[in-house]
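Participant: Next comes the sequence, and after it the predicted model I'd like to discuss.
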Amino acid sequence: MECSACSRPAVTHLDYAGRSLCASHFERLIKRRFKSDLRDQLEGVGLEDGGRIGVGVSGGKDSVTLTWLLQDALGEDPRFEIVPISVDEGIPGYRDASLDAARALTEQIGLSLEVVSHAEDHGISTQEVAEMEPDRQPCGACGVFRRSSLNRAARRLGCDVVATGHNLDDQAETTLMNLLRSDLEQVLRTAPHTEAPDGLVPRITPLASSTEQEVALLGVLKDLPFHGAECPHSVDATRRTYRGLILDLLDKEPSVRHRLASLAEELKRRVEPEREGFEGVSSCRTCGEPSSGGLCRACQMSKALRGA
Ligand code: SF4
Ligand SMILES: [Zn+2]
Ligand SMILES: [Zn+2]
């Protein structure tokens, strides 16, 4: 298989574009796409002239590649600062190894890593949640705690925006799941954000036009230190169902992920001007995070789990 742009051997074939690319043309494509999405998303939150960009780094392939691309795109630009943040959920044997990868990457590119933890922020680790409720996956609490910890750290560190490593497959799955649940509100809330309620640092997803496979391939080609193992609790059956549906469709519709993601963006563009802003959002009385009641969801969950 030859590169469609030169005669060198191809490292990948892009079904949705009907092209094969060598390592160098592939890297160029992903970087060009990344920079264009990053520029648009920063412009969407009014940061085109500079700002402090927090980045959630779990140590997995997406977040490691994202951090490397951010540093590549903005590292030399004095108007921007990149602030990597890792959330330690407290999952022995898994998170420790991925935190090592996050540390190795940030050291390699000359950034310092801020590590926060569920135990410190919410008084309970994911492992403890799993042990308390052995018949259930701890993912519900884990996801709520992680989003809260990331937002708290980003606010404390003065970040104007937080970048996360969601790729095109993630965006397509989330969109399909929310559409089939008729949950328009969730579709509209999905990052990249152009606005956010007070206290919520808006999130951007500059990798969201590249597929999971493309993000992983770039990470491998650049020899980035990522941690490949899956969380031992990761059996999110619902998400797997949607992932399976999309994979089945891909055979016949190679652009299905792109279409789902652009449908979500189109819905956001059309509906957002008519929304009423973020009325009813106040601050959690315990931790100060945005909340629609007295206590935010993370504090409610932590209280229930700890019996406090
Ligand atoms: S798979 Fe579940 S428990 Fe594991 S890190 Fe993700 S949300 Fe947390
Ligand atoms: Zn080429
Ligand atoms: Zn709270």
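Facilitator: Structure received. Ligands and ions are numbered 1, 2, ... in the order given.
Participant: in the lengthiest helix in the chain, what counts as buried?
Facilitator: The helix that spans the most residues within the chain, counting by DSSP state H, is helix 23-44. Neighbour-count burial for helix 23-44, with 16 or more other Cβ atoms under 10 Å as criterion, is recorded at 23, 25-27, 29-30, 33-34, 37-38, 41-42, 44. All C-beta atoms are positioned from the backbone trio N, CA, C, and that covers glycine.
Participant: what mean pLDDT does that helix have?
Facilitator: For helix 23-44, mean pLDDT rounds to 98.
Participant: Next, give me the two most distant ones among the buried residues of helix 23-44.
Facilitator: A23 and G44 (31.5 Å; Cβ to Cβ).
Participant: Which secondary structure state does R269 sit in?
Facilitator: Three-state secondary structure (criterion: DSSP: H, G, I helix; E, B strand; the rest coil) places R269 in helix.
Participant: Now the closest residue to ligand 1 within the stretch 201-308 of the chain: closest residue in space, sequence neighbours ignored.
Facilitator: When distances are taken as Cβ to the nearest ligand atom, the stretch 201-308 of the chain reaches nearest to ligand 1 at C231, 3.1 Å away. Nearest residue to C231 in three dimensions, chain neighbours excluded: Y94, at 5.3 Å (Cβ to Cβ, 6 or more residues apart in numbering).
Participant: Now that neighbour. Its backbone dihedrals?
Facilitator: Backbone torsions of Y94, given as degrees, to the nearest 10, read phi -110, psi -60.
Participant: Please apply the same query to the one 5 residues further on.
Facilitator: The main-chain torsion angles of L99 are listed as degrees, to the nearest 10 and equal phi -70, psi -40.
Participant: which ones are touching L200?
Facilitator: Remark: with contacts taken as Cβ atoms under 8 Å, 6 or more residues apart in numbering, L200 is in contact with 151, 289-290.
Participant: let's see 6 Å
Facilitator: P290 (Cβ atoms under 6 Å, 6 or more residues apart in numbering).
Participant: Now it, what are its backbone angles?
Facilitator: phi -100, psi 120.
Participant: Nearest residue to E212 in space, please, no chain neighbours.
Facilitator: In space, E212 is closest to D169, 4.2 Å off (Cβ to Cβ, 6+ apart).
Participant: what number of residues lie near H166?
Facilitator: Using other Cβ atoms under 10 Å, H166 has 26 neighbouring residues.
Participant: Near the nearest residue to it once chain neighbours are set aside, how many residues? Count them for me, please.
Facilitator: The spatially closest residue to H166, leaving aside those adjacent along the chain, is T205, at 4.4 Å (Cβ to Cβ, 6+ apart). A count of nearby residues for T205, using other Cβ under 10 Å, gives 25.
Participant: Next one: T205 relative to G56, how far apart?
Facilitator: Note on T205: its distance to G56, by Cβ to Cβ, to the nearest Å, is 11 Å.
Participant: Mutual contacts of these two, please.
Facilitator: Both T205 and G56 are in contact with T164, where contact means Cβ under 6 Å, 6+ apart.
Participant: For the stretch 201-308 of the chain, give the residue positioned nearest to ligand 2.
Facilitator: Across the stretch 201-308 of the chain, the shortest distance to ligand 2 (Cβ to the ion) belongs to L221, at 12.9 Å.
Participant: What ranges in the stretch 101-250 of the chain fall below the confidence cut-off?
Facilitator: 235-237 (pLDDT under 70).
Participant: R203 contacts V162, correct?
Facilitator: Yes - shown here, R203 and V162 form a contact pair, counting by Cβ atoms under 6 Å, at 5.1 Å.
Participant: Surely H13 is in a helix?
Facilitator: No - under the criterion used here (three-state DSSP), H13 is strand, not part of a helix.
Participant: What is the burial count for it?
Facilitator: The criterion is other Cβ under 10 Å. On that basis, H13 has 12 neighbouring residues.
Participant: was I right about it contacting S20?
Facilitator: Yes - using Cβ under 6 Å, H13 is in contact with S20, at 4.6 Å.
Participant: quick one: the strands in the stretch 201-308 of the chain?
Facilitator: Ranges of strands in the stretch 201-308 of the chain, per DSSP state E, counting those that start in this stretch, are 203-204, 282-283, 290-291.
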